[in-house]
Structure formats: C-alpha cells, structure tokens
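Novice: Here is a sequence together with a model predicted from it:
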Amino acid sequence: MIAQLSDLQNIIKNRHQFRTRSYDEALAAFKETKVLIYGAGAFGKEMLADLKSHAVPIQAFLDKNAYKINSIADVPVYPPDEASFTLEYRENCLVIISIVLNREKREQIKKYLLALGYQKIIDAQTIRAKRVPYNETDMEPNNEIIEKDAKDLLSALDLFADNHSREIYESCINCHLRREYENALESPNTIQYLVSNTPQNKGTSRFIDCGAYTGDTLKSLISRNTIQVYCGFEPGL
C-alpha cells in the first residue's frame with residue numbers, strides 16, 4: 001500500500017500542472033470535424049443526443065448490423081466497410097466508438113477500423129466521463145479544494161481489502177483529476193452486478209433497478225431467479 005500512497009500523493013500534488021478540458025470544451029473541438037459514431041445501440045444513441053445538443057454535426061453511424069437499420073433520428077447507418085467512404089474520407093473523419101465493452105474488445109474494434117483505413121478513433125467513454133463532477137458543488141476543483149480534500153482521498157486507501165482494488169482507486173483518482181481516461185485501469189473478468197456470492201436472504205421476487213440502461217441487469221437476473229415484479233429506471237434514455 002505504501003507504493004499506492006506515494007503515487008497518490010504525487011498525483012494530487014502535481015495535478016495543477018495539467019490543463020484539463022471540460023466536457024463542453026471536448027465536444028466543441030469536434031464541430032469542424034466529420035464525426036461518425038461506431039455503434040448504433042443505446043450508447044450510440046446517447047452519444048448522438050449529447051453531440052447534437054452541443055451543435056456537433058453527425059455524418060453517420062457505423063454498425064455491422066447496418067442492414068437491419070436504415071437510420072436513427074435522421075442519421076444514416078452504414079457498415080464500417082461502406083464502399084462510398086473513400087480512403088481519403090476515412091483518413092480524415094473522426095470515429096467515436098460508442099459501445100460499452102472492456103478494453104480488450106475495444107482494442108479489437110480499433111484494429112478492425114484501422115485496417116479499413118480509419119485513422120482518427122477515440123472511445124466515447126473518454127468524452128462522457130468528463131461529465132463526472134468532482135463533488136456536489138464543483139465540476140472542476142481548484143487547487144485549494146484538492147488540497148483540502150487530500151487527507152480524505154489518501155485515507156480512503158485503507159478501506160480497500162486488496163492491492164488490486166487500491167490500484168484501481170489510484171487510477172480513478174488520477175484519471176478524474178487530470179480528465180484523461182484512455183489509460184484507466186480495468187478489472188478483467190469481473191461481474192458488475194449480481195455477483196454469485198451476494199447474499200439474497202430476502203429473495204429477488206421484487207427488483208428495483210435504478211440504472212436499467214438497456215435491460216442487461218434484468219436479463220442476467222431472470223436467467224437465474226424468479227421475478228414477480230420488476231421496476232426499471234433509466235433517466236438518460
């Protein structure tokens with residue numbers, strides 16, 4: 001833990017050296033770019049709404065199942081190898097990968113797109129994560145706020161049961177303070193919800209899901225349990 005403590009101290013101490021870009025600034029940078037969204041599912045639609053709300057024009061969606069979808073909100077959907085997209089077009093457009101996948105699978109998509117000639121590829125999560133506020137009142141904290149909270153940020157390391165969890169925590173603090181998410185650590189082969197050893201003494205006949213998203217948690221739940229009543233909420237969709 002000593003190593004993580006030292007690293008975290010340096011992250012907090014040196015945070016002021018980095019110029020962070022806000023969510024609005026990040027999207028404003030795309031206004032003069034030909035933007036394509038890879039993934040025409042729920043996350044892609046969410047990204048479309050965000051970009052449109054910031055006056056960022058979207059050229060098209062890219063999706064391997066484009067033959068099933070003609071368009072979404074008047075934005076056409078094409079397969080990634082769309083013949084009408086010239087090599088010059090692919091080299092100059094920006095592709096935003098908008099699918100919720102782990103890093104390994106995202107890298108596979110990037111390699112696939114690079115092989116097709118697309119050169120500018122980013123992950124939508126690195127954009128959307130810029131919306132995460134520092135606390136209930138401050139979106140981007142100044143150095144005085146960071147210094148005031150440093151003790152709590154450092155002492156939280158004692159709350160984790162294993163070294164990997166502490167490494168993830170350190171990575172999260174680093175990414176959020178610097179607003180750089182490309183190299184965020186992930187926990188491979190983990191289950192986000194409904195871990196098998198979670199106590200279910202009361203059963204799961206009634207289940208309230210306050211982050212229903214696409215219904216993925218419900219699908220996992222009904223594959224193993226009997227559900228009588230389910231309430232799902234997803235205000236972002």
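Specialist: Now that the structure is in, tell me what you want to look at. Residues are numbered from 1 along each chain as shown.

Novice: ok, longest helix in the chain?
Specialist: helix 163-178 (DSSP state H).

Novice: just the helices in this structure please.
Specialist: 2-14, 23-28, 42-53, 87-92, 103-115, 124-128, 143-155, 163-178, 216-222.

Novice: Tell me which residues of the longest helix of the chain come out buried.
Specialist: For helix 163-178, the neighbour count (16 or more other CB atoms under 10 Å) marks 166, 167, 168, 169, 170, 171, 173, 174, 175, 176, 177 as buried. Glycine gets a C-beta too; all of them are placed from N, C-alpha and C.

Novice: can you check stretch 98-105 too?
Specialist: Using 16+ other CB under 10 Å as the test for burial, stretch 98-105 gives 98, 99.

Novice: pLDDT-wise, which helix or strand of the protein ranks last?
Specialist: helix 2-14 (a mean of 75; mean pLDDT, DSSP states H and E).

Novice: Outside of that one itself, list whatever touches it.
Specialist: 146-147, 150, 153-154, 157, 163, 166-167, 169-170, 173-174, 177-178 (CB atoms under 8 Å, 6 or more residues apart in numbering).

Novice: beta partners for residue 75?
Specialist: Here residue 75 sits in beta bridges with residue 72, as judged by DSSP bridges.

Novice: residues in contact with it?
Specialist: By CB under 8 Å, 6+ apart, residue 75 lies in contact with 37, 48, 58, 60, 61.

Novice: and the longest helix of the chain, what does it pack onto?
Specialist: If contacts are counted by 3 or more CB pairs under 8 Å, 6 or more residues apart in numbering; DSSP states H and E, helix 163-178 sits against helix 2-14.

Novice: Next, the buried residues of stretch 137-154.
Specialist: Buried-residue list, stretch 137-154, by 16+ other CB under 10 Å: 141, 146, 153.

Novice: I figured the second one hits residue 177, correct?
Specialist: To tie it back to what came earlier, the one meant is residue 146. Yes - using CB atoms under 8 Å, residue 146 is in contact with residue 177, at 7.2 Å.
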